[in-house]
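S.K.: Dropping the sequence and predicted coords here.
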Amino acid sequence: QLHQDFKSLVLAEYTLERVSLITGISSDIIARLAGEFATNLPAVAIMPAELGELNSGNSLYTALAIHALNALVGSIDVSGGVLVQRFPDVAGWPDFTQDTLGEQSLSQQRLDGAGSATLPLAATAYQQVAQRILEGQPYPLNLLLMLNANPVYDIPNQGQFVKALMKTPFVVSFSSILDESASHADLVLPASTFLETWGDDYIEGLGYPGVSLRQPVVTPVMDSRDPGDVLLDLANRLGGPLSKALPWKDYRALVKQRLSKVDMDWEKFESNGFWAQLVYFNAQPGSPAWSEVVGADRLNAPKDGRFDFFSRELYSILTKLRSAAPADLDCLPHFSLPAPLAEGSVDASQYPFLLVSQGILTQSNNWPGIVPTLQESYGLQVHTKWESWVEINHAAAEALELEDHEHVWVESPFGRVPASVRIYDGLWPNAVFMPAGLGHFTTVEWGRASSTRKHSGGRVGANPNELMNITTEPLCGQAVFNPTRVRIYKKGSQEA
């Protein structure tokens, strides 16, 4: 069966003029960049990796387009191009006989729906958990464990996650602080911080195999435990197949046993904090190793080492899902306009600005609490401390008669939050930016205006997630929340 090819699609649908309209970049700059990319080899197109950069509802086809660029210039598994991450071989898990309860549990669907018929490409779909709990899908939940997770803050969706936690008969939170989600738990087990626990991670991004080791730098300051140690202890107490599957006395012993197959000196590993092979072998196109580079993860299409501009994997998945052959465009990289950008919508007229929110370096994702030293440098680039701000183009600020540092409301169809204005000409006139990470509740009285916060609910800054309605992208399960339509007005000018 013949399908539309990638080249004809690009030539017909993505002329310089249309791409210029989509991106806002002039045609001559696009043409110059294309020429430089094709002639200055090795060239590499890099996938956005930060939270919020691929959350507009078209991440799957954006990823296909990025890798198509790399394939066109021959930058797959070459020096200076896209490398395939290799991982070390580790020791297997212990042999044990599964009991009936374990078999029944493992046969059930994931709670978030990832890997299901509707989300076949999803590894995770965390944003769906609350809705599925409330709907009793795929089964009624009787226990929820949260490990240093704060979904009430991260995925508020107009209080949906609070309702889900209230519906769940028993909620346990492993948390280092009493955050918004732990406050709704039936049992809070104080978790030691990352400075007090053992941990390991694969080193990714360099191509060659590597492992990093996190070790405690201090003994636990408070009455807390490593969650890994707690779960291993519970397995030992329960006995039976579970204790045979998880026989280790603590998490350090588990890590050591799993890495025992790696050819390395454990004492050196502990001393250095990492191990890496430091050697990467590029596969040659057409060689037996090439099929491990291109198409190695395919489950529904041949692993023949061919790069697919027209995705045979997607074609097979969509054919099964729809019981009919999909449109060719569904299997090719293409641009789809994110819903909030549709100018004709009601939201566009009432909420003229497109809000983008991302984390910043001075707000660590590894620590959910309010760290005074980080708050002092939180808005370093805009000279702001202990409060949230919204960046806006000077032309838009003038139209709204807003002054720099003026306090305003940022409102969406789903909620509103306070912020102070920062005028920044690096933004499009119809775009605004708010940093993520603030808006946590705290009972600790420290920092600037702590007495004022005590009387206003104890919040430091505002949580921009409260402005969003986080949904799910079909097929791949990526969370969709950027951009969000908002309007901005002075405090007191449009108070309800």
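M.R.: Now that the structure is in, tell me what you want to look at. Numbers count the residues shown, from 1 in each chain.
S.K.: Is the closest residue to residue 290 other than its chain neighbours inside a helix or a strand, and which specific one?
M.R.: Nearest residue to residue 290, sequence neighbours excluded (C-beta to C-beta, 6 or more residues apart in numbering): residue 305, at 4.3 Å. Where C-beta positions appear, they are placed from N, C-alpha and C, glycine not excepted. In the assignment (DSSP states H and E), residue 305 maps to no helix and no strand.
S.K.: now residue 305: how far from residue 298?
M.R.: With distances taken as C-beta to C-beta, to the nearest Å, residue 305 is found 10 Å from residue 298.
S.K.: now swap in residue 79 and tell me
M.R.: When C-beta to C-beta is the yardstick, residue 79 and residue 298 sit 26 Å from each other.
S.K.: so where's the stretch 201-350 of the chain uncertain?
M.R.: Low-confidence segments of the stretch 201-350 of the chain (pLDDT under 70): 343-346.
S.K.: how near is residue 144 to residue 33?
M.R.: Residue 144 sits 48 Å away from residue 33, going by C-beta to C-beta.
S.K.: Look at these two and report which has more neighbours.
M.R.: The neighbour comparison of residue 144 against residue 33 (other C-beta atoms under 10 Å) goes to residue 144, with 21 against 11.
S.K.: what bridges to the more buried one?
M.R.: For residue 144, the beta-bridge partners are residue 171 (DSSP bridges).
S.K.: My guess is it contacts residue 170. True?
M.R.: Yes: at 7.5 Å, residue 144 counts as touching residue 170 under the criterion of C-beta atoms under 8 Å.
S.K.: quick one: the helices in the stretch 101-250 of the chain?
M.R.: Assignment of helices within the stretch 101-250 of the chain using DSSP state H, counting those that start in this stretch yields the ranges 129-135, 151-154, 160-167, 227-238, 240-245.
S.K.: so for the second one, what's the average pLDDT?
M.R.: Mean pLDDT, taken over the full extent of helix 151-154, equals 92.
S.K.: what separates the residue nearest to residue 72 when sequence neighbours are not counted from residue 267, distance-wise?
M.R.: The spatially closest residue to residue 72, leaving aside those adjacent along the chain, is residue 38, at 7.6 Å (C-beta to C-beta, 6+ apart). When C-beta to C-beta is applied, the distance between residue 38 and residue 267 equals 50 Å.
S.K.: More neighbours: which of the two?
M.R.: More crowded of residue 38 and residue 267, by other C-beta under 10 Å: residue 38, with 12 against 8.
S.K.: Assumed the more buried one was part of a strand.
M.R.: No: per DSSP: H, G, I helix; E, B strand; the rest coil, residue 38 lies outside any strand segment and is helix.
S.K.: so what pLDDT did it get?
M.R.: So residue 38 comes in at 95 (pLDDT).
S.K.: hang on, it packs against residue 73?
M.R.: Yes: with the criterion set as C-beta under 8 Å, residue 38 and residue 73 qualify as a contacting pair; they are 5.8 Å apart.
S.K.: Tell me the buried residues in stretch 176-188?
M.R.: Neighbour counts over stretch 176-188 (16 or more other C-beta atoms under 10 Å) mark 176, 177, 178, 179, 180, 181, 182, 184, 185, 188 as buried.
S.K.: Pick the one among the residues you listed closest to residue 468.
M.R.: For residue 468, the closest of those turns out to be residue 180, at 15.8 Å, with distances computed as C-beta to C-beta.
S.K.: And that closest one, how far from residue 173?
M.R.: 10 Å.
S.K.: The residue nearest to residue 376 when sequence neighbours are not counted: what's it in contact with?
M.R.: With C-beta to C-beta, 6+ apart as the measure, residue 385 is the residue that lies nearest to residue 376, at 5.6 Å, once sequence neighbours are left out. Shown in contact with residue 385 (C-beta atoms under 8 Å, 6 or more residues apart in numbering): 375, 376, 377, 378, 379, 448.
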